[in-house]
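Q: Task: produce atomic coordinates for the following.
(chains A and B)
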Amino acid sequence: MSDDPGRVRGALDRVAARLLDASVYERVGIAVGSTGLALLIGLVVVAAAGHNPLLFAQQLVVGSVGSTGAFTRTLRFTTLFILAGVAVAIAFRAGVFNIGVQGQLIVGGIACVLSILWLAPFVPNGTLGGVGLTLVGLLAAVVAGGLYAALPGVLKAYYGANEIITTIMLNFIAIGIVGWAVDGPLRPEDARSVRTEYLPEGVGLPSVVFSDPNFSILGLGLALGVVGVVAVGMTRTSFGYDMVTSGYQASAATFSGVDPQRTIVATMTLSGMVAGLVGAVFAIMVQGYFIDPSGIGTYGFDAIAVSLLAANNPVGVVPASLLFGALESSGSHVQIHSDVPVQLIDGIVGIVVLFVAAPELFRMLAKRTGLGGEKG
Amino acid sequence: MSLATGTSRRRLRLGGLALLAAVALAAVLVVRFDVPLERIFTVGFLNRTLMLASPIALAAVGGLYAEKSGVFNIGLEGFMIFGAITAAATLSLVGASSQLHVWLAIVAAVGVSLALTAGYAVLLIRYKADQIVAGLAVWFIGLGFAPFLASLLWGTVRSPGLASMNRYSVPYLAEVPVVGSILFNQSPLVVLTLVVVVAAWVVLYRTRYGYWIQAAGENPTALDTAGIDVNRVRYATVLFSGAMAGLGGAVLLAHAGTFIGTGDTMVDGRGWIAIVAYLFGNYNPIGAALAALLFGGLEGLQVQFQTVDIAVSGRLMGLLPYVGVIVVLTVWGKTRMPSSVGEPYESEE
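A: Model (predicted):
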């Protein structure tokens, strides 16, 4: 965006410094406080809209953990949020604002579905073929998502194009092009709704523990595996060290010989690879085909909230995803069983992000309420 | 520095290439498909472009004021959504559809946006919230609450047909070819936008307050030393930016006549495009408005292509402005942002 890449970086440095100052307890406090306060505001809105807030609160609980079905659904969304949250965390941790996880997961998802559909005729039926196709799909998604994220990475690193805006634009472009394709060349003749062909029989993740056809414990396992790899990679490898250092102290990183431009591109690519995986898991585990991407849940956006709640720590993403998974899951319940429009939950997510952005607010609140005597 | 010159040379080359490629592609298409150019670039197209550019230009002028003073208001998109839904809700609630009510709805939209921006400004300036994350939050809140409100009001995220702003028409003068249609048969909101843009330019570059705004972004300490409250100036510009974004959203709605809350709502990235418009316009209100015209024109092409029966998917054509934004951001390297953007200011005393 300018000859001076210091603006965004400077802001990030300050956030990072602030977060580094904050003890773990304080971070957890801010996360819990933000979420609690946002939910409270949501309930006030429910009351203001003329509905019973207590009933709504009860529906939130019932809809997320009230039954095995609800709980499985929560885990399904949790899986997607963990992967998407890690994708965001990788970028944010390195000082790159990848707002394009939504677009990257769409590109990853369609690449996954297309590669499987194209290869299916050449692969033997049965378990082996299914497993092979599933792996191919996952790989295609990772590659496609990575490439789609590398583009804004290159534009930022070598041309100074602000990645916040380019990634948001690329989200619109991904939705538009994939939406057009799914409704046009990729739509089978007999399809009543806008969708691609169904994935072949054997492709999918088997439901081992729960009987929900749209959730597999293997998917959750994959997500947790990615968390492990990324967490270890960030803290125990030299590349991860370079990445995180350039996020916290760009000048120090450059001084110690890190190529900042290459780091930006690598970070974006890595982030997009994980984002692509979200699309693959969504296509393979949840949907079984691909739909108009404007109708896909905004996992890539909510993941920003997830990652921020976790202070961009990949391990912290897991509990934050569980929370957001529960929220999303109760949304499905609310949509059917309540008159309160389900979009309220998206609004609550936005408020969570707003509060997370202003930790000073909570510090001041804590000072005033906790110590009582002090006046600011 | 070699890095900087290298980058600018690379940009220049890329810019030239992009321009060349665009011209070549356009030429090939024109010849290949025998496109009737005179039927694409019509007066109607110019008028539509002006209408499409207005919301972007308004938000851009607001955003550049905030940024000039040192606050990056990345929440423009969100405030535009609030402006649009407020105007729609007001029109729907008063239930009348005269032109006066449309104006009333626009005023209400600006009022609500101002109130919301006030809270946002306090978070940014007093509580030193992270400007980027808070701005994104405003967008997310808008994306959630606008469709929520729409569902409460109309049972679906889409409003029924509401009143829209009519064009005014000056008798006789409107008959004059080209100019007559643009000047004398026009939406009053386009004229309003023009007034705002020119006024914003005058205030920024020709008044004392404008210099304070620039100083608040470039050298806040000096402004403070001169006895001006930096944060007060910043509050004013952030409030203005929210109001203008809200106005932009309301103008968008007043031209469309229906609120659409599906997907990214009817605002559909215009707030983000507005940010690019003022960067492209080098923080000059008039430059920003011209950039908005470019993006409005790219958007308007979609309709023109349909009228001359060029079979390109409308959905794909609708992506042109977004592609344009990426190209502009990549090629345009001259913007120099105010040096203190993003830094909360604390007075010594």
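
Q: Which helix or strand contains residue B:251?
A: Element membership of residue B:251 [criterion: DSSP states H and E] is helix B:230-256.

Q: Next, the buried residues of that helix.
A: Within helix B:230-256, the residues that count as buried by 16 or more other C-beta atoms under 10 Å in any protein chain shown are B:230-231, B:233-256. Heads up, the C-betas are built off the backbone N, CA and C, glycines and all.

Q: what about the helices in the stretch 51-200 of chain A?
A: With helices called from DSSP state H, counting those that start in this stretch, the stretch 51-200 of chain A shows them at A:53-65, A:68-93, A:101-119, A:127-159, A:163-183.

Q: Which other helices and strands does the longest one contact?
A: So the one you mean is helix A:127-159. helix A:101-119, helix A:163-183, helix A:260-281, helix B:2-33, helix B:320-331 (3 or more C-beta pairs under 8 Å, 6 or more residues apart in numbering or on different chains; DSSP states H and E).

Q: In the stretch 151-300 of chain B, what residue comes closest to chain A?
A: Proximity of the stretch 151-300 of chain B to chain A (C-beta to the nearest C-beta) peaks at residue B:151, 3.4 Å away.

Q: that older thread, any idea how far the helix holding residue B:251 is from the middle of the chain?
A: 10 Å (C-alpha atoms, centre = their mean, to the nearest Å).

Q: Report the mean confidence score over it.
A: Helix B:230-256 shows a mean pLDDT of 97.

Q: moving C-terminal of it, what's the next helix or strand?
A: Scanning onward from helix B:230-256 (DSSP H and E), the first element met is helix B:270-280.

Q: Can you list the helices and strands that that following helix packs against?
A: Against helix B:270-280 (3+ C-beta pairs under 8 Å, 6+ apart) you get helix A:163-183, helix B:43-68, helix B:76-94, helix B:230-256, helix B:285-307, helix B:320-331.

Q: The same query, at a cut-off of 10 Å, please.
A: Counting contacts by 3 or more C-beta pairs under 10 Å, 6 or more residues apart in numbering or on different chains; DSSP states H and E, helix B:270-280 is packed against helix A:163-183, helix B:43-68, helix B:76-94, helix B:131-154, helix B:230-256, helix B:285-307, helix B:320-331.

Q: Report the rounded mean pLDDT for that helix.
A: 93.

Q: Next, the buried residues of it.
A: Result for helix B:270-280 [16+ other C-beta under 10 Å]: buried residues B:270, B:271, B:272, B:273, B:274, B:275, B:276, B:277, B:278, B:279, B:280.

Q: Would you mind identifying the helix or strand in the chain with the lowest mean pLDDT?
A: Reading this off chain A. helix A:6-21 (a mean of 57; mean pLDDT, DSSP states H and E).

Q: Wait, chain B was what I had in mind.
A: Per mean pLDDT, DSSP H and E, helix B:2-33 ranks last in chain B, at a mean of 68.

Q: after that helix comes which helix or strand?
A: helix B:37-40.

Q: And the contacts of that following helix?
A: Residues outside helix B:37-40 that contact it (C-beta atoms under 10 Å, 6 or more residues apart in numbering or on different chains): B:26, B:30, B:45, B:300, B:301, B:303, B:304, B:305, B:307, B:308, B:309, B:310.

Q: Alpha carbons of it, in CSV - could you do that?
A: The C-alpha coordinates for helix B:37-40 follow below in CSV (Å, rounded to 0.1, in the frame of the first residue of the first chain):
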residue,chain,number,x,y,z
LEU,B,37,-18.3,0.8,-28.5
GLU,B,38,-20.6,3.7,-29.0
ARG,B,39,-23.4,1.6,-27.5
ILE,B,40,-21.3,0.8,-24.4
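
Q: Residue ranges in the chain under the pLDDT threshold?
A: By default, I'm working from chain A. The model of chain A has pLDDT under 70 over residues A:1-23, A:369-376.

Q: was after chain B, sorry
A: B:1-15, B:333-336, B:348-349.

Q: ok, now how distant is the spatially most central residue of it from chain A?
A: Centroid-nearest residue in chain B, with C-alpha atoms, centre = their mean: residue B:56, separated by 2.1 Å. As judged by C-beta to the nearest C-beta, to the nearest Å, residue B:56 and chain A stand 14 Å apart.

Q: and if you look at residue B:328?
A: 9 Å.

Q: got a list of what the residue lying closest to that residue once chain neighbours are set aside touches?
A: Using C-beta to C-beta, 6 or more residues apart in numbering or on different chains and skipping the chain neighbours, the partner closest in space to residue B:328 is residue B:280 (5.2 Å). Residue B:280 makes contact with B:60, B:273, B:287-288, B:290-292, B:294-295, B:324-325, B:328-329, B:331-332, B:334-335, according to C-beta under 10 Å, 6+ apart.
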